[in-house]
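Engineer: what would the 3D arrangement of this be:
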Amino acid sequence: MFTAHRHLPRRTSVRAAIVASTLGAMLGISAQSASAASFHGSSFSGTHLNHTTQTNRVQRATKSNWTTSEKYRPRISRLPPGEGTRPPHRPPPRWHKPIIVTLPGLPAGPTGPVTVTTPPPSPPSGGGGGGAGAGGGAPTAVAAVNGTFVPDEVLVRFTATTSDQAILNFAQSQRLARLSVHRLPAINAVIYRFRITDQRLVPAVMSSAQGDSRVAQIQPNHLYTLRDADTAAAPSAPAAPSAPAAPSTPAAAAAAPNGDPMQYAVSKMHLPQAHDLATGERVLVAVIDSAIDSAHAELKGVVAGRFDTFKGDPAPHKHGTAMASAIAAHSRLLGVAPAAHILAVRAFDDAPAGAHATTSRILDGLQWVANSGARVVNMSFTGPEDSSMHDMVASIRRKGMVLVAAAGNDGPSAAAAYPAAYPEVIAVTATDADDKLLNVANHGSYVTVAAPGVDIFVAAPGGSYEFTTGTSVATAHVSGLVALLIARNPKLTPDAVQAILTKTARDLGPPGRDDEFGAGLVDAYEALLTQAPATADRSTTH
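Structural biologist: Below you'll find the model as predicted:
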């Protein structure tokens, strides 16, 4: 062991000399000079060798890594270039197609319970698939966004040539989920109700659909409100003794011709005299409203048919019950047309105050009414202008039905309220016992006539009574008067009815027609006398 170690320096010197000679040959210097450059030891040569070895290793490692990268290059996923030539800092969010909810086997309209007795109305029936609208290539009709509407829904009419698959593709591209289909043969349309699934606003969705050749029209699902200005419970104790005995049938209402003493509308409209000429027999009045308490003593035998845009058994609501009683009450109270029959169309929810309905529900109700045989349509509600609603109203008017609607309780400077402001509709405002205008009533050129509508004594659910105020109940009074006119002369057209009402109204306010009272306060007796024999008694005093 000791001998081997003794020869180790010599071997190192020999190795250094060989390296020096080699370097000298490469650099063109003598072996002696190269040996001298070794500083008589292995220190320099060893350091040089170590440095060379490390350099070669780095070169081999670099080449190895490059080769590996080239080998696996096809497996590397590159991001799409962003702005300029630099890649984006993070991957773009992935978009997932929405789940399209479809309702199999949808019927042609709402599926709520429908019970019809007299007469048997035909339920709506609709076309299929694509729906009616403008022809292919027609520009998309984008409705104005005004008023209140369901915040995450849109209503879409597709062109007549749009297939079911194209409608599905449209919904997926717009990230919409289909909720329901509304078939409306009265206006030759099929309307699809969609939910917006990605939190976009309704105007943004409507704008994105503009110009889509598949879409004939897109609009919000507007909200409509029942027009009560105020309600109050009736005093129970003093009123009970004055209540007349209830007639056994609606036609027997003449046995109590003056109604309850708290009904000042009876004398204002000259109802006892009018009922000598007509009581509304054989006339159907469709009331689009909340649920009606048909079991109330005032309304027994009055409701001849029902249509419900909601599922389930409806709870009676005060607004619908009040409107029905103002038209056709026949017990303690005296309705304007006590022998008329009501078609109850529930389109409004059961909220205790401010009940609402949507465009889609009201359209379904009006479609049912179009085939029901009704002659009068009472619409004691208001909302924004809606092109689909206007189409339906105009269609029903052409069928010979008289449409009556509330002018609104939003104040003198409020915008026009719809559907009352459509030209096909008789718009009604409200007055009090002193013929003063309801202070919150809308004003406008669309107001047709006025009727009692302040502190009106009406029926309420559960066999009770209350007072109500607003253009809603004034509208019901005029609907009852229209039923009297049609009972007197079934051949009257909607235009003729409106002309009679305005001609025979008692002028209030400035002389002639005005934006507050319209043509004035309606008079049932004077209106009926226009259809009576020339020898009829005209002894009524005003």
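
Engineer: the strands in the stretch 351-500 of the chain, which residues?
Structural biologist: For the stretch 351-500 of the chain, the strands defined by DSSP state E, counting those that start in this stretch cover 356-358, 376-379, 381-382, 402-406, 425-431, 449-452, 456-460, 464-469.

Engineer: let's have those in TSV, adding mean neighbour count.
Structural biologist: In short, each C-beta sits where N, CA and C put it, glycine included. Output for the strands of the stretch 351-500 of the chain, formatted as TSV (neighbours: other Cβ atoms under 10 Å):
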stretch	mean neighbour count
strand 356-358	22
strand 376-379	31
strand 381-382	28
strand 402-406	30
strand 425-431	28
strand 449-452	28
strand 456-460	26
strand 464-469	20
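
Engineer: got JSON lines for the ones you listed, with mean pLDDT and distance to Leu226 too?
Structural biologist: Output for the strands of the stretch 351-500 of the chain, formatted as JSON lines (pLDDT from 0 to 100; distance: least, Cβ to Cβ, whole Å):
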{"stretch": "strand 356-358", "mean pLDDT": "96", "distance to Leu226": "8"}
{"stretch": "strand 376-379", "mean pLDDT": "98", "distance to Leu226": "10"}
{"stretch": "strand 381-382", "mean pLDDT": "97", "distance to Leu226": "5"}
{"stretch": "strand 402-406", "mean pLDDT": "98", "distance to Leu226": "9"}
{"stretch": "strand 425-431", "mean pLDDT": "98", "distance to Leu226": "14"}
{"stretch": "strand 449-452", "mean pLDDT": "98", "distance to Leu226": "17"}
{"stretch": "strand 456-460", "mean pLDDT": "98", "distance to Leu226": "13"}
{"stretch": "strand 464-469", "mean pLDDT": "97", "distance to Leu226": "11"}
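
Engineer: need those strands in CSV (columns: distance to Lys491).
Structural biologist: What follows is the strands of the stretch 351-500 of the chain, written out as CSV (distance: least, Cβ to Cβ, whole Å):
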stretch, distance to Lys491
strand 356-358, 33
strand 376-379, 15
strand 381-382, 30
strand 402-406, 13
strand 425-431, 19
strand 449-452, 22
strand 456-460, 31
strand 464-469, 34
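
Engineer: do you know which of the ones you listed lies nearest Ala339?
Structural biologist: Closest approach to Ala339 among the strands of the stretch 351-500 of the chain is made by strand 376-379 (13.5 Å; Cβ to Cβ).

Engineer: got a list of contacts for the closest one?
Structural biologist: Applying Cβ atoms under 8 Å, 6 or more residues apart in numbering, the contact partners of strand 376-379 are 283-289, 323, 327, 366, 369, 396, 401-406, 419-420, 425, 475-476, 479, 482-483, 486.

Engineer: picking that back up, and the strands of the stretch 351-500 of the chain: which comes nearest Gln498?
Structural biologist: Among those, strand 425-431 comes nearest to Gln498, with 5.7 Å by Cβ to Cβ.

Engineer: could you give the number of residues near the residue lying closest to Ala326 once chain neighbours are set aside?
Structural biologist: Leaving aside its chain neighbours, Ala326 sits nearest to Ala476 (3.8 Å; criterion: Cβ to Cβ, 6 or more residues apart in numbering). When neighbours are counted by other Cβ atoms under 10 Å, Ala476 registers 32.

Engineer: for Ala476, what are its contacts?
Structural biologist: Applying Cβ under 8 Å, 6+ apart to Ala476 gives the contacts 287, 322-324, 326-327, 336, 378, 380.

Engineer: which members of those residues occur in helices, if any?
Structural biologist: Mapping the contacts of Ala476 onto helices (DSSP state H) picks out 322-324, 326-327.

Engineer: most neighbours among the residues you listed, which one is it?
Structural biologist: Top of the ones in helices among the contacts of Ala476 by neighbour number is Ala326, holding 35 neighbours under the definition other Cβ under 10 Å.

Engineer: identify the bridge partners of Tyr418.
Structural biologist: Assessed by DSSP bridges, Tyr418 has beta-bridge partners Gly383.

Engineer: nice, that's everything, thank you.
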